[in-house]
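J.: below are the sequence and a predicted model; questions follow.
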Amino acid sequence: MELLKRRIEEEGRVLSEHVLSVNTFLNHGVDPELIAAMGREFASRFRELGVTRVLTIESSGIAIAYATAMELGVPFVYARRRKALMNEGEYFSERVPSFTKGIVTDIVIAKELLKPDDRVLFIDDFIANGDAARGLIRIVERSGAKLVGAGIAIEKAFQAGGAFLRETGLPVLSLARIASLSGGVVRFAEDEA
Ligand code: 5GP
């Protein structure tokens, strides 16, 4: 997606060999026009799959999931990080390492928001090692729902998560694929898919 790649080039800040900050338009400040355009891209790619629910994880996936769900005319649900007050039996829960925070968190989704007849589209802002995706896939499996596709805004193709997602056989669309952040420079992968 050229629009997203251009914004990354203009405003992205390479924090290390592994971490890109896009705080001006995606992760802190949010550009609604750009997010809406992402939603249209994902919706047009996955529209034929009979999606009944879009799924993401708090907090940075929420805006993109909203835009995608709006285009598809379906609800979305975001996994939350478990708080002490949440009642055990009412939630699906999985433990996932957090890439940016360097800690492990429990993510939860209320059982009433993910049903066995749901066809689920997973959306997220970044994929790195794929831990968040793995946790959400396990929750979808336990709910009996079917995962039908995955849409990622920014795939860091030099980390394992994107390959893991494709190996599951799911249709995957990444709007920008980054081959490397070495030397403080963003290099895009040629085969944006
Ligand atoms: P994973 O679980 O695939 O290792 O990491 C995915 C999650 O970590 C994403 O939901 C995203 O919030 C965060 N993340 C991973 N890499 C980056 C990055 O380079 N920049 C930012 N801003 N977030 C990232």
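T.: Thanks, I have it.

J.: scan the chain for its longest strand.
T.: Longest strand in the chain by number of residues (criterion: DSSP state E): strand 146-156.

J.: go through that strand and flag the buried ones.
T.: Using 16 or more other CB atoms under 10 Å as the test for burial, strand 146-156 gives 147-156. Bear in mind the C-beta positions are built from the backbone N, C-alpha and C, glycine included.

J.: same question, stretch 16-26
T.: 20, 22, 25-26.

J.: and which of these is nearest the ligand?
T.: Sorting the buried residues of stretch 16-26 by how near they are to the ligand, with CB to the nearest ligand atom, puts residue 20 at the top with 4.2 Å.

J.: low-confidence bits of this protein, can you list those?
T.: Counting by pLDDT under 70, the chain shows low-confidence ranges at 191-193.

J.: hey, where'd the strands end up in it?
T.: Going by DSSP E, the chain shows strands at 13-14, 20-21, 53-57, 76-81, 91-97, 104-110, 119-127, 146-156, 172-180, 187-188.

J.: so what touches the last one?
T.: Strand 187-188 is contacted from outside by 5, 176-181, using CB atoms under 8 Å, 6 or more residues apart in numbering.

J.: if we only consider those residues, which is nearest to residue 69?
T.: residue 176 (20.9 Å; CB to CB).

J.: distance of that closest one from residue 31?
T.: 14 Å (CB to CB, to the nearest Å).

J.: between the two, who's got more neighbours?
T.: A count of neighbours by other CB atoms under 10 Å puts residue 176 above the other of residue 176 and residue 31, at 27 against 17.

J.: who does the more buried one bridge with?
T.: Beta bridges link residue 176 to residue 154 when assigned by DSSP bridges.

J.: near the ligand, from the buried residues of stretch 16-26?
T.: Checking those against the ligand by CB under 6 Å from any ligand atom, the ones in range are residue 20.

J.: report the central residue of this protein.
T.: residue 124 (1.1 Å; CA atoms, centre = their mean).

J.: which ones are touching it?
T.: Counting by CB under 8 Å, 6+ apart, residue 124 has contacts 56-57, 60-61, 64, 132-133, 150-153.

J.: make it 6 Å
T.: Taking CB atoms under 6 Å, 6 or more residues apart in numbering, we find residue 124 in contact with 56, 61, 152.

J.: thought the first one was touching residue 80?
T.: Put plainly, it is residue 56. No: here residue 56 does not reach residue 80: they are 10.8 Å apart, not a contact under CB atoms under 6 Å.

J.: what parts of the chain come near the ligand?
T.: Counting by CB under 6 Å from any ligand atom, the residues of the chain that sit close to the ligand are 19-21, 27, 57, 60, 99-100, 124-133, 161.

J.: just to revisit the earlier point, distance to residue 50 for the contacts of strand 187-188 - can I get that in JSON lines?
T.: What follows is these, written out as JSON lines (distance: CB to CB, whole Å):
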{"residue": "5", "distance to residue 50": "30"}
{"residue": "176", "distance to residue 50": "27"}
{"residue": "177", "distance to residue 50": "27"}
{"residue": "178", "distance to residue 50": "31"}
{"residue": "179", "distance to residue 50": "33"}
{"residue": "180", "distance to residue 50": "37"}
{"residue": "181", "distance to residue 50": "37"}
